[in-house]
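Visitor: Need a 3D model of the following:
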Amino acid sequence: MKIVIADYSDSMMPAHEYEREILKHGLKDCEVVVYEYSDEQRAEFFDVIKDADALLTAFIRIDAEAMDHAPHLKVIAINATGYDNVDLLEANKRKIGVCPVGEYCTVDVAEFTISMMMALVKNLKVYSQAVDLHHQWRYDSGVPNRRLEEMTLGIFGFGKIGRQVGKRAKALGMKVIACDPFIDQSSGKELGIELVDREEIFDHAEVITNHMNLNKTNVHFFNSAVFRKMKRQPYFINMGRGTCVVENDLIKALNYEWLKGAALDVLSDETPDLANHPLVGRSNVLISPHAAFYSSTSIRELQRISTENIVYYLNGEKEKVFKLVSEN
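Guide: I've put the predicted structure just below:
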């Protein structure tokens with residue numbers, strides 16, 4: 001039985017001993033092959049997977065052509081939550097299981113969101129720049145805000161991550177309101193969080209954070225018209241998807257002071273030109289490289305769940321697979 005672990009070099013795990021351990025323990029006579037992929041060497045990749053029973057990847061495009069070159073392939077495990085790199089129709093036709101990781105970093109993203117919020121409200125970038133760049137020792141380098149416990153947080157997207165952000169913000173004493181038309185509107189009661197319409201968030205929130213799953217209803221949701229509706233000159237945090245925000249409109253909102261500041265873990269481009277990006281270098285903007293998920297715990301969970309999915313699937317224990325998105 002052959003298992004191939006493959007991805008682009010910058011998406012590969014730093015080590016694969018843990019994945020090998022799970023696969024070798026769960027599957028008899030298992031051969032594990034690790035392959036560093038590039039689009040220029042796709043033909044070589046096809047040769048690697050020609051006798052593979054399982055493939056573990058996050059970002060390699062697995063289309064009909066790839067499946068043609070892997071006639072023994074039974075399961076594709078995705079070590080990510082997204083799986084749009086796999087042609088599901090073709091996978092279903094060929095009875096290939098497709099198993100993404102449904103959840104592994106909710107707590108990490110929630111913690112990161114709260115960290116970003118506190119850094120904005122407490123002017124940490126302003127102070128660090130004053131000390132590091134200008135050698136100024138002044139407590140009034142930044143404009144003071146009210147205490148967090150006097151502020152209102154508005155959450156867009158009240159799924160697993162949004163709920164964990166709300167729970168932590170409540171623990172800090174904040175008032176928390178949320179907007180999510182796709183869930184039960186009473187689902188925030190046990191946390192003391194009210195589900196409201198978006199206009200109420202625009203009216204009352206001093207911090208607004210985005211955790212919406214990307215869909216056709218929220219592409220370019222945060223645009224000039226929306227930023228202008230935000231009455232309290234809030235801080236804006238985007239931990240969702242870059243395409244939820246019209247980036248030029250966000251820049252405009254900062255320039256016109258419709259927003260007090262912003263924290264962004266995602267940009268509109270996943271390979272941004274940071275040297276020339278107009279959001280880089282602003283004292284009231286924090287940007288991180290899509291890193292909110294990243295902790296030693298989340299990486300280990302990502303490896304564990306994705307490899308266990310392969311073991312369970314190939315052993316005929318499909319009910320134990322964390323998440324199966326194909327019809328097999």
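Visitor: and Ile208, which of the three is it?
Guide: Applying DSSP: H, G, I helix; E, B strand; the rest coil to Ile208 yields a three-state assignment of strand.
Visitor: what bridges to it?
Guide: Gly154, Phe236 (DSSP bridges).
Visitor: give the contact list for it.
Guide: Neighbouring residues of Ile208 by C-beta atoms under 8 Å, 6 or more residues apart in numbering: Leu153, Gly154, Ile155, Phe156, Ile201, Met230, Pro234, Tyr235, Phe236, Ile237. C-beta coordinates here come from the backbone N, C-alpha and C atoms, glycine included.
Visitor: could I get these as TSV with pLDDT?
Guide: Formatted as TSV, these follow (pLDDT from 0 to 100):
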residue	pLDDT
Leu153	98
Gly154	98
Ile155	98
Phe156	98
Ile201	98
Met230	98
Pro234	98
Tyr235	98
Phe236	98
Ile237	98
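Visitor: Can you say which of those are buried?
Guide: For the contacts of Ile208, a burial check counting by 16 or more other C-beta atoms under 10 Å picks out Leu153, Gly154, Ile155, Phe156, Ile201, Met230, Pro234, Tyr235, Phe236, Ile237.
Visitor: Return the closest of the residues you listed with respect to Asn328.
Guide: Taking C-beta to C-beta as the measure, Phe156 is the one of the buried ones among the contacts of Ile208 closest to Asn328, at 35.0 Å.
Visitor: so the closest one touches Thr217, yeah?
Guide: No - Phe156 lies out of contact with Thr217 (C-beta atoms under 8 Å); the separation is 11.4 Å.
Visitor: any chance of the contacts of Ile208 in TSV, plus distance to His135?
Guide: Compiled in TSV, those are given as follows (distance: C-beta to C-beta, whole Å):
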residue	distance to His135
Leu153	35
Gly154	38
Ile155	39
Phe156	40
Ile201	40
Met230	35
Pro234	32
Tyr235	27
Phe236	31
Ile237	30
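Visitor: of these, closest to His277?
Guide: Phe236 (16.8 Å).
Visitor: I figured that closest one was touching Phe222, is that so?
Guide: Yes - counting by C-beta under 8 Å, Phe222 is a contact partner of Phe236 at 7.4 Å.
Visitor: Touching both of the two, which residues are there?
Guide: With C-beta under 8 Å, 6+ apart, Phe236 and Phe222 have common neighbours Asn210, Leu250.
Visitor: Export stretch 198-213 to CSV, keeping only CA atoms.
Guide: What follows is stretch 198-213, C-alpha atoms only, in CSV (Å, rounded to 0.1, in the frame of the first residue of the first chain):
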residue,chain,number,x,y,z
ARG,A,198,-25.8,44.3,10.4
GLU,A,199,-27.2,47.8,10.8
GLU,A,200,-27.1,47.4,14.6
ILE,A,201,-23.4,46.5,14.4
PHE,A,202,-22.7,49.5,12.2
ASP,A,203,-24.5,51.7,14.7
HIS,A,204,-23.0,50.4,18.0
ALA,A,205,-19.7,48.5,17.5
GLU,A,206,-16.4,50.1,18.3
VAL,A,207,-14.5,47.0,17.1
ILE,A,208,-15.8,44.9,14.1
THR,A,209,-14.3,41.6,13.3
ASN,A,210,-15.0,39.4,10.2
HIS,A,211,-15.2,35.6,10.5
MET,A,212,-17.7,34.9,7.7
ASN,A,213,-17.3,31.9,5.5
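Visitor: got the buried residues for it?
Guide: Residues of stretch 198-213 classed as buried: 198, 201-212 (neighbour count, 16+ other C-beta under 10 Å).
Visitor: How about stretch 99-112?
Guide: Cys99, Pro100, Val101, Tyr104, Cys105, Thr106, Val107, Asp108, Val109, Ala110, Glu111, Phe112.
Visitor: To which secondary structure element is the first one assigned?
Guide: When elements are defined using DSSP states H and E, Cys99 is found to belong to strand 97-100.
Visitor: Relative to Thr106, how far out is Tyr312?
Guide: Counting by C-beta to C-beta, to the nearest Å, the gap from Tyr312 to Thr106 is 22 Å.
Visitor: ok, back up a step: of the buried residues of stretch 198-213, just say which sits nearest to Met1.
Guide: Among the buried residues of stretch 198-213, and counting by C-beta to C-beta, the member closest to Met1 is His211, at 39.3 Å.
Visitor: got the phi/psi numbers for that closest one?
Guide: Main-chain dihedrals, His211, degrees, to the nearest 10: phi -130, psi 30.
Visitor: Over to the one 5 residues further on?
Guide: The phi and psi torsions at Lys216 (degrees, to the nearest 10) take the values phi -60, psi -20.
Visitor: What number of residues are in the vicinity of it?
Guide: 5 (other C-beta atoms under 10 Å).
Visitor: need the contact list for it.
Guide: For Lys216, the contact set (C-beta under 8 Å, 6+ apart) is empty.
Visitor: distance of it from Ala253?
Guide: For Lys216, the distance to Ala253 - C-beta to C-beta - is 23 Å.
Visitor: likewise Ile5?
Guide: Ile5 is 43 Å from Ala253, by C-beta to C-beta.
Visitor: And the strands in the protein?
Guide: 2-8, 31-37, 54-57, 75-78, 97-100, 152-156, 175-179, 194-195, 207-210, 235-238, 261-264, 285-287 (DSSP state E).
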